[in-house]
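Participant: structural data only, the sequence is not supplied:
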């Protein structure tokens, strides 16, 4: 029986979809059977980030309304043994699905997977309610800025009213250089305000943008620190205890010498 | 008007002023009639004397708001009498419930998060934080064991002696009765500093221009004692 985890944030643009895609990928790399569900009906893009947009025939709304079987709507990712995507509909809106239908879909999928990751749309309306209804766990994504933390706080408050385990936190786009100078919140400030368990943090890297552009989740690239962050999250979800990664990159001797002379490392 | 032999209303003089004891067995109409008559009869007595404070004791009779007003009006007509209080041994269940609510401290163990509103009659004790965007409202005092980073409204029904207490005082806004405190906007100040270092409480100060001031929690007892004398 699989676990259904909703990935949510309240605020838009903090990296819910990227996080969903990468945690899914990282879990699949660990040999887990993973199903991703995109619930952002009308504004779907998990399929684009995963590079799986071309083979979509049926979507979430078709499955919810019984026009096809749930299994028929799934897109198989050929790069992994078992990573499937249930795409959102692009032509409808959030009201096309209700929480009961979502629950039903999750329950149909549950026996066949180890993890079902539900990518939640931004906002706290119908789309959020749909996404949360089928889940038994939640991951809240935030970035270290005041507005995103405020919305994450709101979302955690709403999740506390749901029949769901206390949510875990992922802090995305961590910039050590800025927080060291006190220009943005650091991860500890965020965790202190939200008072929930930290599941992991992802450093801000251009690799992530480049990977999303290519339709290839960053978690597949073993040489990136962001990728390592996602892989660590996957291992923590599997019950391993992995220490938090140091935010600051270890500088090589040469780059230290270079920066000493004012040359950009 | 049978049986009206003047036993329903008794006027007694005490060291605090006059006490008017009302019989609680007769009908309200009879009582009011007699009170009017008695006051008329004693009009001379009241007229020239100095201002007299009067306490009305209704015994075991329930007096509604309108009855209370009626009695007060009859007495105030004399001109030199001021009704200090109308006392009765009885109250309705609703009033009793309200009195209990106002006297209780509701303790809540949770973080009041952005968008959440915690509203209670009486005092609130929060074991946890009040995050930015969260609101706590009480008709009495608010005590936060944790950080107050959101909005606290104490004395929402006009109690201006109410206080807001917090272990860490970084509120965005505090209101006590109708007096407000706003934290400076971010651009007005480089650093977001607490309103007071360490555990503190907020209270209303000033006579003509009221404002909210902050003081260390250890001084709270002092403040409450000074307030109870006024």
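Facilitator: Structure's in. What do you need? Keep in mind the model is a prediction, meaning the values are calculated, not measured.
Participant: so which bits of chain A are right by chain B?
Facilitator: Within chain A, the positions adjacent to chain B are A:150-151, A:153-154, A:156-158, A:160, A:193-195 by C-beta under 8 Å from any C-beta of the partner chain. In this view, the C-beta of every residue, glycine as well, is placed from N, C-alpha and C.
Participant: just give the closest residue to the residue of the stretch 101-250 of chain A found nearest chain B, not the sequence neighbours.
Facilitator: Closest contact between the stretch 101-250 of chain A and chain B, by C-beta to the nearest C-beta, is at residue A:157 (3.5 Å). Excluding its sequence neighbours, the residue lying closest to residue A:157 (C-beta to C-beta, 6 or more residues apart in numbering or on different chains) is residue B:113, at 3.5 Å.
Participant: got a list of what that neighbour touches?
Facilitator: Residues in contact with residue B:113 (C-beta atoms under 8 Å, 6 or more residues apart in numbering or on different chains) are A:153-154, A:156-157, A:160, B:131, B:133-134.
Participant: ditto for residue A:149
Facilitator: With C-beta under 8 Å, 6+ apart, residue A:149 has these contacts: A:142, A:185, A:190, A:193-194.
Participant: at 10 Å instead, please
Facilitator: A:10-11, A:14, A:142-143, A:171, A:185, A:189-190, A:193-194, B:114, B:131-132 (C-beta atoms under 10 Å, 6 or more residues apart in numbering or on different chains).
Participant: count the residues that sit near residue A:27.
Facilitator: 29 (other C-beta atoms under 10 Å in any protein chain shown).
Participant: can you tell me the helix or strand for it?
Facilitator: helix A:16-29 (DSSP states H and E).
Participant: run the angle between the next helix or strand after that helix and helix A:16-29 for me.
Facilitator: Next helix or strand after helix A:16-29 toward the C-terminus (DSSP H and E): strand A:34-38. Between strand A:34-38 and helix A:16-29, the angle comes out at 170 degrees (axes from the mean of the first three to the mean of the last three C-alpha atoms, to 10 degrees).
Participant: list the contacts for residue 112?
Facilitator: By default, I'm working from chain A. A:1-2, A:33, A:35, A:70-71, A:74, A:82, A:84.
Participant: that's the wrong chain, I wanted chain B
Facilitator: Contacts of residue B:112 by C-beta under 10 Å, 6+ apart are A:153, A:157, B:118, B:124, B:126, B:128-131, B:133-136, B:144, B:146, B:148-152.
Participant: low-confidence regions, chain B specifically.
Facilitator: Counting by pLDDT under 70, chain B contains low-confidence ranges at B:1-6, B:45-49, B:189-192, B:230.
Participant: quick one, domains of it?
Facilitator: B:9-90, B:96-229 (automatic domain parsing).
Participant: mind listing what's buried in the helix or strand residue A:154 falls within?
Facilitator: Using DSSP H and E, residue A:154 falls within helix A:146-160. For helix A:146-160, the neighbour count (16 or more other C-beta atoms under 10 Å in any protein chain shown) marks A:148-159 as buried.
Participant: try stretch B:65-85
Facilitator: Buried-residue list, stretch B:65-85, by 16+ other C-beta under 10 Å: B:67-68, B:71-72, B:74-75, B:78, B:81, B:83.
Participant: closest one to chain A out of those, please.
Facilitator: residue B:68 (43.9 Å).
Participant: I'd say that closest one and residue B:75 touch.
Facilitator: No. The criterion here is C-beta atoms under 10 Å, and residue B:68 misses it with residue B:75 at 11.0 Å.
Participant: common neighbours of these two, please.
Facilitator: In contact with both residue B:68 and residue B:75: B:56, B:83, B:86, using C-beta under 10 Å, 6+ apart.
Participant: for chain A, what is the nearest residue in chain B?
Facilitator: residue B:113 (3.5 Å).
Participant: what's the distance between that residue and residue B:196?
Facilitator: 24 Å (C-beta to C-beta, to the nearest Å).
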